[in-house]
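Trainee: Generate a structure from the sequence data that follows.
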Amino acid sequence: MTRLTARHAGRLATACTLALAALSAQAATTLTIAALNNPDMVELKKLSPAFEKQNPDIKLNWVVLEENVLRQRVTTDIATNSGKFDVMMIGTYEAPLWAKKGWLNPMDNLAPEYDLNDVVKTARDGLSYGGKLYALPFYVESSMTFYRKDLFAKLGLTMPEKPTYTQIADYAKVLKEKGGVYGICLRGKAGWGENMAYLTTLVNANGGRWFDENWKATIDSPEWKKSVNFYVDLLKKYGPPGASTNGFNENLTLFASGKCGMWIDATVAAGMLFNPKESQVADKVGFAQAPTGVTAKGSSWLWSWALAVPKSSKQDDAAKKFVQWATSKDYIKLVAKDLGWTSVPPGTRISTYNQPDYIVAAPFAKFVLNAIQSANPNDATLKKAPYSGIQFVGIPEFQSFGTVVGQAISGALAGNMTVDAALKAAQATANRAVIQGGYQK
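Mentor: Sure thing, here's the model as predicted:
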C-alpha cells in the first residue's frame, strides 16, 4: 500500500510539473499598456485581473502616466517604431493622424459579441481614417459647467441651462467673496490637451480661431486677447492659488472636496462628482452647458480617450483581444458592479444609455450624450477655419506648437510675463510651425 501510494505520488508530482510547465508556456504573452493616470483608467487596471483570469495566456504590464508625459512617451514610441507598448491610450487627435502615417493597426475583424453598431457614431467617426476604425473608445466626453447647487441657493444665484461667460464671472465673484470657496477652478497646467483644451473653447466662444483661411495665425487677434485676459483675471481674482499647475486631476480633487464653487471641464468628471464614494459634494452638484460668448460654436469640446494597437506591437492579436474586453458591454457592467452605475465609462455605447439603472443613478446621462452627439469638429468656429477639431487643430504640428502656446499662457497666469507678451510669442510660434509645415501659401 505504501509502495503504491509513493508511485502515485510520483506520478502526481510529474503531472503537476508538466501542468505548471504548460501554464508557464501559455503565460508567455505579456502586453505592455500605456495608460493615463485618471480615475477611469485606474479602475481599468484594478479590474484587469478579470481579463487575465479569462485569458491565462496573457499577462498585463501597466505603465500609468500623467497626461503630458503619456502623450510624449507614446508619440516617441510610435514615431520611432520602438515597440515598447502593445496598447496605447490615445485620443481623437492622434488616431486619424497616426492611421494616415500607417502607425496603427485597424480595429477590424472584431468579435460579433463586441457589437460595434452599439458604439456611439460620433466616437467611431472621430477614431477613424479612410473609412476604417483605428482605436476603440474607452470613454467619450464633451465639456460642461459644474457648480454647487447648495451655495447657489444660499447666495440667491441661479445657474441658467446655457450660461454666458459674463454670468460665470459674476457668479465666481460672489462665490469667492460670500461663499467661502474658490469662485471657479479651471485648467492652468501647460499642455495642448491641458490648458489649451479649455482655452480653445473659450476663444471659440468669443468668436476666435487659431488660424484664418490662409493658415495665418490669429493669436494676436482681439478675440484671443479678450479670452486670455478674461481667463487670467478670472483665475487670479477668484481661482485657487497655484492655478497654473492645476490640470484635470487637480481640479477634480478641489471640486470633489468642496473647495470650488464652479468648474468648467470634461463631462467625464460628472460620474466621479456624483458618486458619494468619491465625492464629498455628490448630493450638491449641479450642471449646465459649457458657457458661451458671442457664439455657442465650439464652446464645448469633443474628445475620446481610446485604446489603440500600434503597428510596432509584435502581439497585435492579444492586444486587440484586450482592447475589445476593456471597451465592451461586459466591462461596463463590471465597473457598475464595483463602483456603481454612476461611474461607468460614459459616452461610448447606446446600450449604456438604455440601461434604466444608469439613467436613475446618473442624472447627467442624457445631457452628456446629447453634448457628445451634437458636437461638430468640422464647424467649430464662428469664422471659417482651415482645420478640423474643436479644442485642437487637427494637424501633426499642433502637438508641438500647441504645447508651446500653452506654456506661454501658463506663464502669464503664473505672473511670469504679461498676457500681451505671451500672445506675441504664441503668435510667432504658431506661424512658424505652419510655414515650416507648408500650410501657408
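Trainee: Please enumerate the strands of the protein.
Mentor: Taking DSSP state E as the criterion, the chain carries its strands at 29-36, 58-65, 87-90, 128-129, 132-133, 136-141, 143-148, 262-266, 285-289, 303-308.
Trainee: now those strands in a markdown table, with mean neighbour count, distance to residue 171 and mean pLDDT?
Mentor: Just so you know, the C-beta spots here come from the backbone N, C-alpha and C atoms, and that holds for glycine as well. Conversion of these to a markdown table gives the following (neighbours: other CB atoms under 10 Å; distance: least, CB to CB, whole Å; pLDDT from 0 to 100):
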| stretch | mean neighbour count | distance to residue 171 | mean pLDDT |
| --- | --- | --- | --- |
| strand 29-36 | 21 | 31 | 96 |
| strand 58-65 | 16 | 35 | 97 |
| strand 87-90 | 27 | 35 | 98 |
| strand 128-129 | 17 | 39 | 96 |
| strand 132-133 | 18 | 41 | 98 |
| strand 136-141 | 26 | 23 | 97 |
| strand 143-148 | 24 | 8 | 98 |
| strand 262-266 | 25 | 6 | 98 |
| strand 285-289 | 19 | 11 | 97 |
| strand 303-308 | 27 | 26 | 97 |
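Trainee: Quick one: closest of those strands to residue 242.
Mentor: strand 262-266 (15.7 Å; CB to CB).
Trainee: got the contact list for the closest residue to residue 174 other than its chain neighbours?
Mentor: Here the nearest residue to residue 174 in space, its sequence neighbours aside, is residue 155; by CB to CB, 6 or more residues apart in numbering that works out to 5.6 Å. Residues counted as contacts of residue 155 (CB atoms under 8 Å, 6 or more residues apart in numbering) are 174-175, 178-179.
Trainee: Nearest the geometric middle of the protein, what residue?
Mentor: Centroid check for the chain by CA atoms, centre = their mean gives residue 305 as the closest residue, at 4.9 Å.
Trainee: nearest to residue 81, of the strands of the chain?
Mentor: Closest among the strands of the chain, using CB to CB: strand 87-90, at 13.2 Å.
Trainee: Would you give the sheet partners of that closest one, along with the direction of each?
Mentor: Here strand 87-90 has these sheet partners by DSSP bridges: strand 29-36 (parallel), strand 303-308 (antiparallel).
Trainee: that older thread, with distance to residue 275 added, can I get the strands of the chain in a markdown table?
Mentor: Below are these laid out as a markdown table (distance: least, CB to CB, whole Å):
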| stretch | distance to residue 275 |
| --- | --- |
| strand 29-36 | 19 |
| strand 58-65 | 21 |
| strand 87-90 | 22 |
| strand 128-129 | 32 |
| strand 132-133 | 31 |
| strand 136-141 | 15 |
| strand 143-148 | 13 |
| strand 262-266 | 15 |
| strand 285-289 | 10 |
| strand 303-308 | 19 |
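Trainee: Go through those strands and name the closest to residue 329.
Mentor: Nearest to residue 329, of the strands of the chain and by CB to CB, is strand 136-141 at 12.4 Å.
Trainee: Show me where the stretch 101-250 of the chain has its helices.
Mentor: 121-126, 149-154, 165-178, 195-205, 222-238, 248-256 (DSSP state H, counting those that start in this stretch).
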